[in-house]
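Peer 1: have a look; sequence and predicted model below, questions after that.
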Amino acid sequence: MTAPLHVRLADELRRRIARGVLPVGSALPSEAQLCAEFGASRGTVRQALSALRHEGLIGGGQGKPPVVRETAVAQPFETFLSFTRWAQQLGREPGQRTIEIARRGAGPAAADALGIDEGAPVVEVLRLRLLDGVPAMLERGSFIEPVGRLLFDVDTDAGSIYDSLLARGVDLHAARHTIDAVGADAVDARLLDVPPGAPLLRERRRACDSSGNPVEYGDDRYRPDLVTFTITNVRTASPGLLKESS
């Protein structure tokens with residue numbers, strides 16, 4: 001099914017911003033120009049621009065053409081478990097290249113997160129994730145052995161690992177995320193095409209089944225010039241309390 005015109009228009013403007021056709025500081029075409037180019041009404045154009053403002057990609061306005069403020073696309077928490085789905089929703093082309101998949105002993109961080117002894121067998125996956133062919137994130141996952149061994153029969157270059165595991169009956173129910181910054185190590189630098197020590201956004205993840213048992217420990221590292229994170233909060237019935245929107 002074809003997406004609504006305002007969605008397609010927003011996707012095209014995101015692509016132009018991401019590829020530098022519309023660099024930071026440049027003005028977008030006027031509403032009249034966008035209406036003419038896309039055969040859209042002013043209402044449709046304004047819907048598309050509103051989406052980009054909400055994402056922080058553009059700013060300005062008040063009778064003047066909006067200005068590009070940011071080139072890094074925002075990943076909201078609700079799509080953390082699927083890089084592929086998030087990229088597709090933005091009209092970007094997701095990609096991945098598996099660097100390594102191996103069964104080995106758990107390191108200290110993975111052992112603590114998974115509740116197993118250090119050195120107990122896990123299946124580790126190292127994948128490079130791409131946006132429109134550009135390295136954007138390095139994904140490290142350590143799966144408990146009964147789940148991870150399923151990955152040896154999965155084409156991990158085909159898309160979402162989580163989708164593949166869910167299709168095989170794995171119970172993936174919830175995840176806890178920790179966000180911080182880290183300097184690129186030698187592997188990060190080589191695969192993400194950044195200098196050693198360059199700042200990266202790190203998302204550490206502990207995924208569990210519906211009984212609360214750990215299934216995977218993840219350590220994903222994003223290039224901050226390409227990806228940012230967003231959290232949307234709404235008020236609950238209790239004054240002063242906030243919760244993450246779903």
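Peer 2: Okay, I see it. Residues are numbered from 1 along each chain as shown.
Peer 1: before we move on, what SS does the residue lying closest to Arg149 once chain neighbours are set aside have?
Peer 2: Ranked by C-beta to C-beta, 6 or more residues apart in numbering and with sequence neighbours excluded, the top spatial neighbour of Arg149 is Val123, at 6.0 Å. No exception for glycine: its C-beta is placed from N, CA and C like everyone else's. Taken by DSSP: H, G, I helix; E, B strand; the rest coil, the conformation at Val123 corresponds to strand.
Peer 1: what is Ile179 paired to in the beta sheet?
Peer 2: Counting by DSSP bridges, Ile179 forms beta bridges with Glu203.
Peer 1: contacting residues around Met154?
Peer 2: Careful, residue 154 is Val and not Met. The contact partners of Val154, by C-beta atoms under 8 Å, 6 or more residues apart in numbering, come to Ile161, Ser164, Leu165.
Peer 1: gap between it and Phe83?
Peer 2: As defined by C-beta to C-beta, to the nearest Å, Val154 lies at a distance of 16 Å from Phe83.
Peer 1: please apply the same query to Thr156.
Peer 2: The spacing between Thr156 and Phe83, counted by C-beta to C-beta, is 13 Å.
Peer 1: now Pro66
Peer 2: The spacing between Pro66 and Phe83, counted by C-beta to C-beta, is 28 Å.
Peer 1: for Pro121, same thing?
Peer 2: As judged by C-beta to C-beta, Pro121 and Phe83 stand 26 Å apart.
Peer 1: these two - which one has more neighbours?
Peer 2: Legend: neighbour count by other C-beta atoms under 10 Å for Pro121 and Phe83, higher for Phe83 (27 against 14).
Peer 1: walk me through the domains of the chain.
Peer 2: With automatic domain parsing serving as the domain definition, the record reports that the chain contains domains spanning 5-68, 73-230.
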